[in-house]
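K.L.:
what follows is a predicted protein model with its sequence.
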Amino acid sequence: MTYIFLQQYWWFIISLLGALLVFLMFVQGANSLVYSLGYTEDGQRKIIESTGRKWEITFTTLVTFGGAFFASFPLFYSTSFGGAYWLWMIILFSFVLQAVSYEFQHRKGNLLGTRTYRWFLVLNGIIGPLLLGAAVATLFNGSNFFVEKASLTNISAPVISRWANASAGLDALLDPWNLVLGFAVMFLARILGILYIINNVKDEDIRSRGSVRLIGSTVPFLVLFLAFFIRTMLKDGYAVDPATGVVFMEPMKYLHNYLDMWPLAMLTVIGVVLLLYAIVRTILSHTYIKGIWPAGIGVVLVVLSMLLVAGWGNTAYYPSNASLQCSLTIANSCSSEFTLRTMFYVSLLVPFVFGYIAYVWRVMDKK
C-alpha cells in the first residue's frame with residue numbers, strides 16, 4: 001500500500017461516514033415534523049418513541065465522523081472545527097438538546113414540561129441538518145481561513161491555522177449558496193423522516209398525513225438541490241497541480257471530475273433514481289411502506305459520490321477564500337503514512353460495526 005493509496009482510501013472512509021450521517025438524519029427530519037405528523041398526544045408519543053430508538057445511532061455516527069477526520073486529516077480538524085467553532089458548537093448544542101429531551105421529557109416533575117422538551121427536538125430537527133448542510137457546502141464554496149505551518153515554531157502562539165475574521169465560522173451562513181444546500185439537506189432529512197415513520201409506526205392516520213407532507217418536502221428539496229448541484233457543476237472549482245501542490249481555479253472543475261470518474265456519476269444517477277422511486281411509490285401507493293430503504297441507499301450513494309468528487313481528482317476539498325494557497329487538499333492535510341497505515345487495519349473492523357448497527361436496529365424495533 002502506497003502513501004497515496006492510503007490518503008485516497010481514508011477520504012473514501014470519511015465520505016462514506018458523511019453519507020451515512022446524512023441518511024441517519026431521518027431522526028432529525030421526523031422530529032421536526034412531530035407536531036405535523038402527530039396531531040394527537042398519542043400520535044406524537046408514537047413518533048418520539050420511534051425516533052428515540054434510533055437517535056443514538058445518528059449521534060454516534062456524528063462523533064465517529066469527527067473522530068475519523070481528526071485521525072486522518074488533522075489539519076482539516078484544527079482548521080474547521082477549531083476555526084469555525086461557533087458553527088460547529090451550535091450544531092453540537094442542538095444535538096445535546098436532543099439528548100436532553102429524550103432523557104427528561106417523560107420524567108415526572110421535570111421543570112420545563114414535556115412540550116418544551118419536544119420543541120427542543122423540533123429545533124434539533126431544523127438546526128442540525130440546516131447547519132450541517134451549510135458546512136458541507138463550504139467544501140465546494142470555500143471558507144475564510146489562513147494556514148501558516150511555520151507558526152508551529154512560534155512558542156508564544158503555536159497555532160497552525162486561524163480564521164480570517166471574528167465570525168468563527170458563522171460567515172458561512174452569509175453565502176446564499178451554503179444556505180441553499182443547508183435547506184436542501186433539511187428538507188431531505190424531512191423526506192427520510194417521513195419515510196421512516198411510515199415504515200416504523202403502525203398508525204394509518206400518521207401514515208396518511210405523512211404521504212401529504214412528503215409532497216410538501218420533496219418539491220422544495222428538488223428545487224434547492226438541483227439549483228445547488230447545477231450551479232456547482234458549472235462554476236469554477238479548486239484544482240491542484242499534483243506536481244507542485246499549487247491550487248488554481250479551473251472552469252467547471254467538479255463537472256470534469258464527474259466526467260473523469262464516471263462511476264461516481266453513475267452512482268449519483270442511481271442514487272437519485274432510488275430516492276425518487278421511493279418518494280413517488282410511497283405517494284401513489286397507500287400500502288407501500290418500505291420507501292425508507294431505497295431512499296436511504298440512494299441518499300448514501302449521492303452524498304458519497306459528491307464528497308468523493310470534492311476531494312478526489314486533484315481537487316482542494318476545503319478551499320480558502322482568504323488565501324487560495326492555504327486551501328486544504330488530501331495530500332497536504334492528512335496524517336503520516338504510519339498513522340494512516342495503522343488505522344487502515346483498524347478500519348477493517350468497519351463491516352462488523354455495520355453488522356452491529358443492523359443488529360441493534362432490529363432489536364430496538366422489536367421492543
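P.N.:
That came in fine, so what should we check first?
K.L.:
ok but Met249 is inside a helix, no?
P.N.:
No: judged by DSSP: H, G, I helix; E, B strand; the rest coil, Met249 forms no part of a helix; its state is strand.
K.L.:
was I right to think it contacts Ala239?
P.N.:
Yes: judged on CB atoms under 8 Å, Met249 makes contact with Ala239 at a distance of 7.2 Å. In short, each C-beta sits where N, CA and C put it, glycine included.
K.L.:
more neighbours: which of the two?
P.N.:
More crowded of Met249 and Ala239, by other CB atoms under 10 Å: Ala239, with 21 against 12.
K.L.:
so the more buried one: helix, strand or coil?
P.N.:
strand.
K.L.:
contacting residues for it?
P.N.:
247-250, 253, 314-316 (CB atoms under 8 Å, 6 or more residues apart in numbering).
K.L.:
looking at those, state which has the most neighbours.
P.N.:
Of all these, Ala316 has the most neighbours under the rule other CB under 10 Å, reaching 28 neighbours.
K.L.:
tell me the bridge partners for that residue.
P.N.:
Thr329 (DSSP bridges).
K.L.:
any idea how far it is from Phe140?
P.N.:
According to CB to CB, to the nearest Å, Ala316 stands 10 Å off from Phe140.
K.L.:
now do Lys253
P.N.:
From Lys253 over to Phe140 (counting by CB to CB), the distance is 10 Å.
K.L.:
how about Gly169?
P.N.:
For Gly169, the distance to Phe140 (CB to CB) stands at 16 Å.
K.L.:
can you count the residues close to Gly43?
P.N.:
By the measure other CB under 10 Å, the count of residues near Gly43 is 18.
K.L.:
residues of the helix or strand hosting it that come out buried?
P.N.:
Assessed by DSSP states H and E, Gly43 sits inside helix 41-52. Going by neighbour count (16 or more other CB atoms under 10 Å), the buried part of helix 41-52 is 43-48, 50-52.
K.L.:
please save the CA atoms from it in PDB.
P.N.:
Output in PDB follows, covering the C-alpha atoms of helix 41-52 (Å, rounded to 0.1, in the frame of the first residue of the first chain):
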ATOM      1  CA  GLU A  41     -50.800  13.300  22.100                       C
ATOM      2  CA  ASP A  42     -50.800   9.600  21.300                       C
ATOM      3  CA  GLY A  43     -49.500  10.200  17.700                       C
ATOM      4  CA  GLN A  44     -46.700  12.500  19.000                       C
ATOM      5  CA  ARG A  45     -45.700   9.900  21.600                       C
ATOM      6  CA  LYS A  46     -45.500   7.200  18.900                       C
ATOM      7  CA  ILE A  47     -43.300   9.300  16.700                       C
ATOM      8  CA  ILE A  48     -40.900  10.200  19.500                       C
ATOM      9  CA  GLU A  49     -40.700   6.600  20.800                       C
ATOM     10  CA  SER A  50     -39.900   5.500  17.300                       C
ATOM     11  CA  THR A  51     -37.100   8.100  16.700                       C
ATOM     12  CA  GLY A  52     -36.000   7.600  20.300                       C
END
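K.L.:
now that helix: how far from the chain's centre is it?
P.N.:
Its chain's C-alpha centre and that of helix 41-52 lie 24 Å apart, by CA atoms, centre = their mean, to the nearest Å.
K.L.:
mean confidence score for it?
P.N.:
Helix 41-52 comes out with an average pLDDT of 86.
K.L.:
helices or strands up against the longest helix anywhere in the chain?
P.N.:
For the chain, the helix that runs over the most residues, judged by DSSP state H, is helix 204-234. Helix 204-234 sits against helix 34-37, helix 41-52, helix 176-200, helix 253-260, helix 262-284, with contacts defined as 3 or more CB pairs under 8 Å, 6 or more residues apart in numbering; DSSP states H and E.
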